[in-house]
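Colleague: sequence first, then the predicted structure:
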Amino acid sequence: MSAVTRFLAVSDFLRSYLTVGIFAGVAIALVAGILGLGSLIRPTRPQASKYVNYESGVDPVGVGWSQAEIRYYIFALLFVLFDVEAVFIFPWATRLEAYGTFGAVEMGIFIGILALGLLYAWRKGVLRWL
């Protein structure tokens, strides 16, 4: 059996992946080509004032880098966690009758696990805003 015949004998499942791979390759090549063309065509006039930080029309004073407390990042992460919880609860609440008792128990377990995470964060003092 020749290589061409073996290539054409690929199943429909693999052929669909091949199609996706070809489209992904064309998309990556197109993006790379457009970015490369843009870098060749654009004008470059480096000036020191272009690289200065600009904030609300006020000239920067001091160092531009400062370290934030880890507590703020954890607080933001908890916000995202409970925001995602709300994303899961709203569709469940609209279909509660269809899910019945099993759905209510599963959502109770889900909310219970998230409540344990909130209790843990509260006990560790993460939720204190200083």
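Modeller: Yes, it's here.
Colleague: report the central residue of the protein.
Modeller: The centroid of the chain falls nearest to V80 when counting by C-alpha atoms, centre = their mean (11.4 Å).
Colleague: looking at the helix or strand where Y72 lies now, give me its mean pLDDT.
Modeller: Secondary structure assignment for Y72, by DSSP states H and E: helix 70-94. Averaged across helix 70-94, pLDDT comes to 83.
Colleague: name the helices or strands packed onto the next helix or strand along the chain from that helix?
Modeller: With elements assigned by DSSP H and E, the helix or strand that comes after helix 70-94 is helix 96-123. Helices and strands in packing contact with helix 96-123 are listed as helix 70-94; criterion 3 or more C-beta pairs under 8 Å, 6 or more residues apart in numbering; DSSP states H and E. C-beta here means a position set from N, CA and C on the backbone, and glycine is covered the same way.
Colleague: got any ranges where this structure has weak pLDDT?
Modeller: With pLDDT under 70 as the threshold, the chain has low-confidence stretches at 1-10, 53-64, 130.
Colleague: looking at it, which helix is longest?
Modeller: In terms of residue count, the longest helix belonging to the chain (DSSP state H) is helix 12-41.
Colleague: what distance separates that one from the centre of its chain?
Modeller: 22 Å (C-alpha atoms, centre = their mean, to the nearest Å).
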